[in-house]
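> here are the coordinates; sequence isn't available:
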């Protein structure tokens, strides 16, 4: 929502300033310039990115124009579910989680994990880690290193769509110059004609440069930055899961492990200790059992 408002402010301010100087709005309407710039920009995306990244760019638009899903409510429900998992492991041993982590889709603990919008990548991150803990082979340090490696890989690929969109934004001023140069070529071919016709063609050429710069710094550049911030928010979410599981495997009680994880939540969306304790008690677990 804020992205849409921002785009409207950018274009509204530019057009309003132009009209205040008694500019002719019709001159800015140059479909040919948009075809050149937009088509060339689209082509650069296909040239420089594999299909998976292109799909990720389209999917990432939801994070640009929608609201963040990493809210206080999501973190609260996630910590509550992790607490339930840890309580089960504490009462029945890690071996009691074997069926849950092997078939998470059929598990009461993981069927709707993470809450709100089940994501198999997040669920696999948790279940694969717990599966290794169930085997009893890796140490807590080794499990932490595995999660760090997994997060590094995820971080790399989650930032590719933002980097690709940023590259397109950087190319737009140059593509605007291409459109302008083509307009100058057309203008040179019209020399000797009516001054009004020549003036119109020069204006159309300059509009190409204008559009390239405006789309770069006023639209696509900020969109790429917003997409990168969304990837960072997802990285914070994974970090919270990592802190919770590392603390529990090291021997911390469920309540202490969840408190460690709560402290790792970004401050703006961090649930309070009271809210978390109430949620855990409401989930049927004994919060005081930590």
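Great, that's in hand. Bear in mind the structure is a predicted one, so any value in this text is a computation, not a measurement.

> so where's the stretch 151-290 of the chain uncertain?
282-290 (pLDDT under 70).

> the residue nearest in space to the middle of the chain in helix, strand or coil?
Here the mean C-alpha position of the chain is nearest to the C-alpha of residue 230 (CA atoms, centre = their mean), at a distance of 3.0 Å. Assigned with DSSP: H, G, I helix; E, B strand; the rest coil, residue 230 falls in the helix class.

> counting neighbours, what do you get for the residue nearest to it when sequence neighbours are not counted?
Using CB to CB, 6 or more residues apart in numbering and skipping the chain neighbours, the partner closest in space to residue 230 is residue 63 (3.6 Å). Any C-beta I mention is one placed from the backbone N, CA and C, and that applies to glycine too. Residue 63 is flanked by 23 other residues according to other CB atoms under 10 Å.

> my read: residue 63 touches residue 227, true?
Yes: applying CB atoms under 8 Å as the test, residue 63 and residue 227 come out as touching, 6.1 Å apart.

> doesn't residue 250 make contact with residue 133?
No: if you go by CB under 8 Å, residue 133 and residue 250 don't touch, sitting 10.7 Å apart.

> so for these two, which residue has more residues nearby?
residue 133 (19 against 15).

> and that one, what element?
Using DSSP states H and E, residue 133 maps to helix 120-135.

> same thing with residue 180?
helix 160-189.

> ditto for residue 68
Counting by DSSP H and E, residue 68 is part of no helix or strand.

> what is the neighbour count of it?
For residue 68, using other CB under 10 Å, the count is 12.

> residues contacting it?
Residue 68 makes contacts with 230, 233, as judged by CB atoms under 8 Å, 6 or more residues apart in numbering.

> follow-up on the earlier one: measure the residue nearest to residue 230 to residue 45 for me?
Using CB to CB, to the nearest Å, residue 63 is found at 18 Å from residue 45.
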